[in-house]
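Asker: When you get a sec, could you give me coordinates for this:
(2 chains)
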Number of protein chains: 2
Amino acid sequence: MNPHASEIMGLRSYPSITAIPEPVDYVICGVPAPVVPTIVRDCAVARARVLAIFTAGFSETGEEPGITMEREIVEIARKGGVRIIGPNCLGVHSPAAGVFLEMYIPETSGRVSFLSQSGGYARQFIAAAAEREIFLSKLVSYGNAADLNEADFLEYFTEDSDTAVIAAYVEGVREPRRFLAALREASAAKPVIILKGGNTEAGGQATMSHTASISGSKYVWEALCRQTGVVQAHDLEETADTIQAFGSFKRPRGRRVGIVGIGGGVSVVAADDCENAGLVVPLFPAELRGELGTFTSIAGTSLRNPVDTSAEVYWDEAALARTIDLVARWGGIDIMFIILNAVATIRRGVDTLRRQGEAVVAAARRTEKPTVVIIIAGGIEAAEQMARVVGKQCVRAGFAVYPSCYRAARAVDHVIGYYENWERRLSAGAEVISG
Amino acid sequence: MNPHASEIMGLRSYPSITAIPEPVDYVICGVPAPVVPTIVRDCAVARARVLAIFTAGFSETGEEPGITMEREIVEIARKGGVRIIGPNCLGVHSPAAGVFLEMYIPETSGRVSFLSQSGGYARQFIAAAAEREIFLSKLVSYGNAADLNEADFLEYFTEDSDTAVIAAYVEGVREPRRFLAALREASAAKPVIILKGGNTEAGGQATMSHTASISGSKYVWEALCRQTGVVQAHDLEETADTIQAFGSFKRPRGRRVGIVGIGGGVSVVAADDCENAGLVVPLFPAELRGELGTFTSIAGTSLRNPVDTSAEVYWDEAALARTIDLVARWGGIDIMFIILNAVATIRRGVDTLRRQGEAVVAAARRTEKPTVVIIIAGGIEAAEQMARVVGKQCVRAGFAVYPSCYRAARAVDHVIGYYENWERRLSAGAEVISG
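Answerer: Residues are numbered from 1 along each chain as shown, chains lettered A, B, ... in the order given. I've put the predicted structure just below:
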């Protein structure tokens, strides 16, 4: 729409929304703030259903005339039967519907839907997720949430059959009781992972000027997550880590991990990381250690769990795979962690790591137990590059890949915790707190 | 040394250590375990001072004959006046002395010394540190610590005038009282950062077979760090992050941070991260906001702290620098965090980010206040590559660079905490617990 052009970049342009002959489903508005009320009025006349207002300069300024203007546009919209997304947002992204957040953005559709109060995080999330082969069904960046808010989007994603996992970046909550009820419903239907911004005094102050949101205390939020079964993420990375885990394996039967890798320090810290994340690393029985010992020397290695393979085993894909098979077969573990060390592979080259990745994927496919791949690169450029290549290879084969045991264990704990919480609520038979 | 050759790769070889005519300072031993006692005897005869035993297969196997053999070699060494490093280790790395841990390793000397019970972590640390322009004065990988142990190396690094910062990966502690005293002395003299492996049940089990170490509880270790002023790191990344902070700025005058960046979500989470790490993000006064407001529009941005600059300011290096100057000049903050967003810069290209990096470095040099640079890349390959280039540029200019506010805030808190703890112990006038 443009008052001065009838065609823009080869597309038909109208002087106003009311001049469009067809029914209007979705309007994106990027005009200066003082013109926005007129656009809202036009949308009402044209019976447009939803208006996403990119324009900023409303309540998030904390000043007049923005605050009054925002109240005004909501009033006009409500009277006219138009729903508003924003203002101060990027609106909807739905590859299947051909609606994209912006240009140069992955167009592949997936099964994850994301609601984000921040436009920047929405963009970053789409790009970061795509790097890990996580694609979106729908995303909405909703800014000041003057009309449609987090509860609306959450309810929609709960119902949406194309959405298998819901993730969110939320600053403030407009309707706490309704949001709480929506969280409970959503989390009962599918995994919900939320990154909550502004839970500190300083962060809360920042949400005021970002999206005019009043955020709460972190303790209240933590309690709320426990009660509703929502997975609490602390940054976008943890959000994506957790989505990857939910998408890559079914619920493990328990919390017991079998770990196979190389390197003593790495093994010790891996065991610490697992236990600190609430997982269990049981000592292997003598029989299993005996079987592993038939082809692994015990000098400078360990067969207790973690298995710190000898160099001869680690650099021989068949022996590495045999180690994984033996550990996976033991009834005392529920999950497999395979640690590849790209740092140790720099001199051997990426093909070695690639072959190891193939062997790990093949072995992982021979077991029913959820298997997670960890590729350590330690911030070393050459190793990072190799880890990226082989990480993608494993992700494309359907496995979750993490750069450290710490992140792997945290993601696995989130998955197990989600189902445990779900069961607890189910067996309690009633909701813990009323909506 | 080789019984069958008089020259190896162009270097003179002797049939045994006793055949070497010159005094022997340092012997590296990689012969099979059963031959090691003979080597130790030869070292005693040749009056060699230190023997690093690479060979594994001793007490870390948890079995005979390894356990007895280890006791035996220590007895021989003690009687003969030879000190042992290891067994089951990589020994000493000292670029200044021309002794390297292995081939293909950075040969530059620096001011950090590292003691590592793990050989793999020692290697990984040297490589990862070099990527960040952190170089080592000395490093020792000491494995089973049968003779020389963590207390010896710590005492040495405390005295060593070429060592400004001590870092360590420690599994078990052989002489707890002596180690505690050494920690206290070391930490009073210079920053000490320790990554302690095996503090969980599972991890402790793993240290047994890695280096035959009996590790303790994490609560005891945490209390010990508080008492001695040792900085506790949870992985190698946090270790390097903290070293970088200690090497890049002097003690900040307080905990108050001024944050300049772009993006609402990023700003909110940055404020949360700072406060969660124990830093303070004070609201800017009206005058400062007024000054910033003369060239930054308030629509969709924030001038409260964090400053979430408008796009016009962010993409104009002069305006970005002016923002930094104004914030840095305000007396209410002690530290500056500058957040660059490589994700938002992908389309503009690395030169834009490079120019921003230059502007940030120039502005940071105009203030006395410690300034930390954060470059967000979000795991997106194109952004990561740009962040790596510009990150190195800022590090070479002398500034600490982190990929997230979380990591920056944690490192800064470690630096401030170290000095606070140091002062507290000083003013207490006496040691909290006796050695």
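Asker: List, one by one, the residues from the stretch 1-150 of chain A near chain B.
Answerer: Those residues of the stretch 1-150 of chain A that sit near chain B, judged by CB under 8 Å from any CB of the partner chain, are A:33, A:55-57, A:60-61, A:63, A:66, A:88, A:104, A:116-121, A:123-124, A:127-128, A:131-132. For the C-beta atoms, the positions are set from N, CA and C on the backbone; glycine is no exception.
Asker: Can you give me the pLDDT of the residue lying closest to A:Ser187 once chain neighbours are set aside?
Answerer: For A:Ser187, ignoring the flanking residues on the chain, the nearest one in space by CB to CB, 6 or more residues apart in numbering or on different chains is A:Gly229 at 4.2 Å. Reported pLDDT at A:Gly229 in the predicted model: 95.
Asker: which phi and psi does A:Gly229 have?
Answerer: phi 80, psi 10 (degrees, to the nearest 10).
Asker: just the strands in the stretch 251-400 of chain A please.
Answerer: Using DSSP state E, counting those that start in this stretch, the strands of the stretch 251-400 of chain A run over A:257-261, A:307-308, A:335-341, A:371-376, A:400-402.
Asker: Using TSV, lay out those together with distance to chain B.
Answerer: Formatted as TSV, the strands of the stretch 251-400 of chain A follow (distance: least, CB to the nearest CB, whole Å):
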stretch	distance to chain B
strand A:257-261	9
strand A:307-308	7
strand A:335-341	8
strand A:371-376	8
strand A:400-402	11
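Asker: Wait, a strand at A:Ala182?
Answerer: No. Using DSSP: H, G, I helix; E, B strand; the rest coil, the assignment for A:Ala182 is helix, not a strand.
Asker: show me the contacts for A:Ala48.
Answerer: Residues near A:Ala48 by CB atoms under 8 Å, 6 or more residues apart in numbering or on different chains: A:Ile17, A:Val24, A:Asp25, A:Tyr26, A:Val27, A:Val82.
Asker: Confirm that it sits in a helix.
Answerer: No. Read with three-state DSSP, A:Ala48 is coil and lies in no helix.
Asker: Let me see the confidence value for it.
Answerer: At A:Ala48, pLDDT is 95.
Asker: if we can go back for a sec, which ones are touching the residue nearest to A:Ser187?
Answerer: With contact set as CB under 8 Å, 6+ apart, A:Gly229 has these partners: A:Arg184, A:Ser187, A:Ala188, A:Val192, A:Tyr418, A:Asn421, A:Trp422, A:Arg425.
Asker: picking that back up, what subset of the residues of the stretch 1-150 of chain A next to chain B is buried?
Answerer: Neighbour-count burial (16 or more other CB atoms under 10 Å in any protein chain shown) applied to the residues of the stretch 1-150 of chain A next to chain B gives A:33, A:55-57, A:60-61, A:66, A:88, A:116-121, A:123-124, A:127-128, A:131-132.
Asker: Format the strands of the stretch 251-400 of chain A as CSV; extra columns: mean neighbour count and mean pLDDT.
Answerer: Below are the strands of the stretch 251-400 of chain A laid out as CSV (neighbours: other CB atoms under 10 Å in any protein chain shown; pLDDT from 0 to 100):
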stretch, mean neighbour count, mean pLDDT
strand A:257-261, 28, 97
strand A:307-308, 28, 93
strand A:335-341, 27, 98
strand A:371-376, 27, 98
strand A:400-402, 25, 98
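Asker: ok, A:Ala299 - contacts?
Answerer: Counting by CB under 8 Å, 6+ apart, A:Ala299 has contacts A:Ser310, B:Ala33, B:Thr55, B:Ala56, B:Gly57, B:Glu60, B:Thr61, B:Gly66, B:Asn88.
Asker: Check which helices and strands the longest helix along chain A sits against.
Answerer: The longest helix of chain A (DSSP state H) is helix A:405-428. With contacts defined as 3 or more CB pairs under 8 Å, 6 or more residues apart in numbering or on different chains; DSSP states H and E, helix A:405-428 has these neighbours: helix A:176-189, strand A:231-233, helix A:236-248, strand A:257-261, helix A:264-276, strand A:335-341, strand A:371-376, strand A:400-402.
Asker: Columns distance to B:Ala286 on top of the ones you listed, output as TSV?
Answerer: Converted to TSV, these look like this (distance: least, CB to CB, whole Å):
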stretch	distance to B:Ala286
helix A:176-189	32
strand A:231-233	36
helix A:236-248	33
strand A:257-261	55
helix A:264-276	45
strand A:335-341	54
strand A:371-376	50
strand A:400-402	46
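Asker: Tell me which stretches of the stretch 1-150 of chain A form helices.
Answerer: Along the stretch 1-150 of chain A, counting by DSSP state H, counting those that start in this stretch, helices occupy A:36-45, A:66-80, A:119-131, A:150-159.
Asker: Make a markdown table from these and add distance to A:Leu283 to it.
Answerer: Shown next, in a markdown table, are those (distance: least, CB to CB, whole Å):
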| stretch | distance to A:Leu283 |
| --- | --- |
| helix A:36-45 | 65 |
| helix A:66-80 | 61 |
| helix A:119-131 | 37 |
| helix A:150-159 | 43 |
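Asker: can you tell me which of those comes nearest to A:Tyr142?
Answerer: Of all the helices of the stretch 1-150 of chain A, helix A:150-159 sits nearest to A:Tyr142, with 6.6 Å by CB to CB.
Asker: thinking again about what came up before, which of the contacts of A:Ala48 lies at the shortest distance from A:Ala383?
Answerer: Once CB to CB is applied, the member of the contacts of A:Ala48 that ends up nearest A:Ala383 is A:Tyr26, at 45.5 Å.
Asker: Wait, the closest one touches A:Ile20, no?
Answerer: No. Under the criterion of CB atoms under 8 Å, A:Tyr26 is not in contact with A:Ile20, lying 11.9 Å apart.
Asker: what about A:Glu72, how many residues close to it?
Answerer: Neighbour count of A:Glu72, defined by other CB atoms under 10 Å in any protein chain shown: 15.
Asker: Let's see the pLDDT reported for it.
Answerer: 96.
Asker: Please name the residues that touch it.
Answerer: Contacts of A:Glu72 were listed using CB under 8 Å, 6+ apart, and they are A:Pro37.
Asker: who does the residue of the stretch 301-435 of chain A found nearest chain B bridge with?
Answerer: When scored by CB to the nearest CB, the stretch 301-435 of chain A has A:Ser302 as its residue closest to chain B, at 3.6 Å. Beta-bridge partners for A:Ser302, by DSSP bridges, are A:Asp308.
Asker: In this structure it contacts A:Val266, no?
Answerer: No. The pair A:Ser302 and A:Val266 fails to qualify as a contact (CB under 8 Å) at a distance of 11.2 Å.
Asker: Name the residues contacting each of those two.
Answerer: A:Asp308.
Asker: from memory A:Ala233 sits against A:Pro191, does it?
Answerer: No. With contacts counted by CB under 8 Å, A:Ala233 stays clear of A:Pro191, the gap being 11.4 Å.
Asker: Need the residues touching each of these two.
Answerer: A:Thr242.
Asker: what's the neighbour count on the closest residue in space to A:Asp160 that isn't next to it in sequence?
Answerer: Nearest non-adjacent residue to A:Asp160, counting by CB to CB, 6+ apart: A:Ser113, 6.6 Å away. Burial of A:Ser113 is recorded as 26 neighbouring residues (other CB under 10 Å).
Asker: Got the confidence number for A:Ser113?
Answerer: 98.
Asker: can you pull up the bridge partners for it?
Answerer: Beta bridges link A:Ser113 to A:Lys138, A:Ile166, judged by DSSP bridges.
Asker: quick one, what contacts it?
Answerer: By CB under 8 Å, 6+ apart, the contact set of A:Ser113 is A:Leu136, A:Ser137, A:Lys138, A:Leu139, A:Phe157, A:Asp160, A:Asp162, A:Thr163, A:Val165, A:Ile166, A:Ala167.
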